[in-house]
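Q: Generate a structure from the sequence data that follows.
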Amino acid sequence: MHQYKELKTWQKAMDLATELYKVIGTFPSSERFGLSSQMQRSAVSVPSNIAEGAGRSTKADFAKFLDITQGSLNELETQLILAHRLGYIEMIKVDKMQVEINELQKMNYKLILSLRR
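A: Alright, predicted model coming up:
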């Protein structure tokens, strides 16, 4: 069992989710139950799955939750692009968050590989 709060991936995922909530706060109120809600779920899913996986008893179980984390990161990146296309977020913010997402994906993937060795 891992101490998830000590994992750099969890810490970075928490930073990303916090930043996303700030960005979503600028969306139109009509999006409260649409795209912004879905983006919040995706962003929260990332650190949540890292934490849940870290609490599992086997490395294989942990790796499965990290696989889900990868999917949530892809989902969030897609939603950011859509939010930009809809005019809800500037491209400069999307680019910044994509860099963070891509870095998290790499870190997460390396952690998956280390667990499967």
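Q: Now the helix or strand harbouring Asp67: buried residues?
A: Asp67 belongs to helix 59-85 when elements are defined using DSSP states H and E. If you call a residue buried by 16 or more other Cβ atoms under 10 Å, then helix 59-85 has these buried ones: 62-66, 68-70, 72-73, 75-77, 79-80, 83-84. (Each C-beta comes from the backbone N, C-alpha and C, glycine too.)
Q: quick one: average pLDDT of that helix?
A: Mean per-residue pLDDT for helix 59-85: 97.
Q: C-terminal to it, what's the next element?
A: Defined by DSSP H and E, the subsequent element after helix 59-85 is helix 91-116.
Q: Next one: Arg41 from Gly34, what distance?
A: In this structure, Arg41 and Gly34 are 12 Å apart, going by Cβ to Cβ, to the nearest Å.
Q: Sorry, wrong one. I was asking about Val94.
A: Taking Cβ to Cβ, one finds Val94 at 18 Å from Gly34.
Q: higher neighbour count, these two?
A: Comparing Val94 with Gly34 by other Cβ atoms under 10 Å, the one with more neighbours is Val94, at 19 against 12.
Q: so which helix or strand takes in Thr9?
A: helix 8-24.
Q: and after that helix, which helix or strand comes next?
A: For helix 8-24, the following helix or strand on the C-terminal side (DSSP H and E) is helix 35-54.
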